[in-house]
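Novice: coords below, sequence missing:
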């Protein structure tokens, strides 16, 4: 069993739709949860970062963490064609110098068509 | 732009050869991590360097090695290349206590 499982998609949605991206994880020691966006031929860029159960909102993006179910989600409201990219969940079990040891899901390719 | 650069952008090698990939981080970023991203997969952690010392390694054999230099640059070396080493290699840097790490654009390695 992989430590982090991500719904691979791909997802294709019309502009303006609400998008839901999901990951599950197996290790309860994981404490920090991130979502990255990766455009083609680019490195991942951090979208959202959270370390507690509940919701965190940033503009059109909402990250949701349920530690009891070991389940994390990213919601994108009013999706735009510029949101078309690969979305990666990433999890780590510590901060500080351990922060860089991220365990990633396999990524979900999202296409938003006009 | 993240301020993290990698070179070269693309590289073609043959099986059995050796390769060195380079990363230049932002000033003050004392931690650098390297990841391997196979096509259609998420990045896999190779190892991390903190203040020029290895600070953790993922499930990669010893033929993957690295160096970190005082000028915030680092290297990933891979010996005895195998076909499965074909991937995008990413470096990511951060500073102690930061909530953000910054990825470079990656080096795409093809092993024939």
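Specialist: Yes, it's here. Since the structure is predicted, the reported quantities are computational estimates derived from the model, not experimental observations.

Novice: Contacts only, for residue A:3.
Specialist: A:25, A:26, A:27, A:91, A:103 (CB atoms under 8 Å, 6 or more residues apart in numbering or on different chains). C-beta: built from backbone N, CA, C; applies to glycine.

Novice: Distance-wise, check it relative to residue B:45.
Specialist: Distance of residue A:3 to residue B:45, computed by CB to CB, to the nearest Å: 11 Å.

Novice: any shared contact partners between the two?
Specialist: Common contact partners of residue A:3 and residue B:45 (CB under 8 Å, 6+ apart): residue A:103.

Novice: how about the helix or strand of chain A with the lowest mean pLDDT: buried residues?
Specialist: Least confident helix or strand of chain A, by mean pLDDT, DSSP states H and E, is strand A:45-50 with a mean of 90. Buried residues in strand A:45-50, counted by 16 or more other CB atoms under 10 Å in any protein chain shown: A:46, A:47, A:48, A:49, A:50.

Novice: pretty sure residue A:25 is touching residue A:31, no?
Specialist: No - using CB atoms under 8 Å, residue A:25 is not in contact with residue A:31, being 10.9 Å away.

Novice: So between these two, which is more surrounded?
Specialist: Neighbours per residue, other CB atoms under 10 Å in any protein chain shown: of residue A:25 and residue A:31, the larger number sits with residue A:25, 22 against 13.

Novice: got a pLDDT number for the more buried one?
Specialist: With respect to pLDDT, residue A:25 has a value of 93.

Novice: Am I right that residue A:18 is in contact with residue A:79?
Specialist: Yes - contact criterion CB under 8 Å: residue A:18 and residue A:79 qualify, at 7.2 Å.

Novice: More neighbours: which of those two?
Specialist: residue A:79 (22 against 12).

Novice: Could you list which residues are in contact with the residue minimising distance to the centre of chain B?
Specialist: With distances taken as CA atoms, centre = their mean, residue B:34 lies nearest the centre of chain B, 3.3 Å away. By CB under 8 Å, 6+ apart, the contact list for residue B:34 reads B:23, B:45, B:46, B:47, B:48, B:66, B:74, B:76, B:89, B:90, B:91, B:92.

Novice: what about the nearest residue to the second one once chain neighbours are set aside, neighbour count?
Specialist: When you say that, I think you mean residue B:45. Nearest-residue entry for residue B:45: residue B:58, 3.9 Å, with adjacent residues in sequence omitted and distances by CB to CB, 6 or more residues apart in numbering or on different chains. Residues lying near residue B:58 (other CB under 10 Å) number 16.
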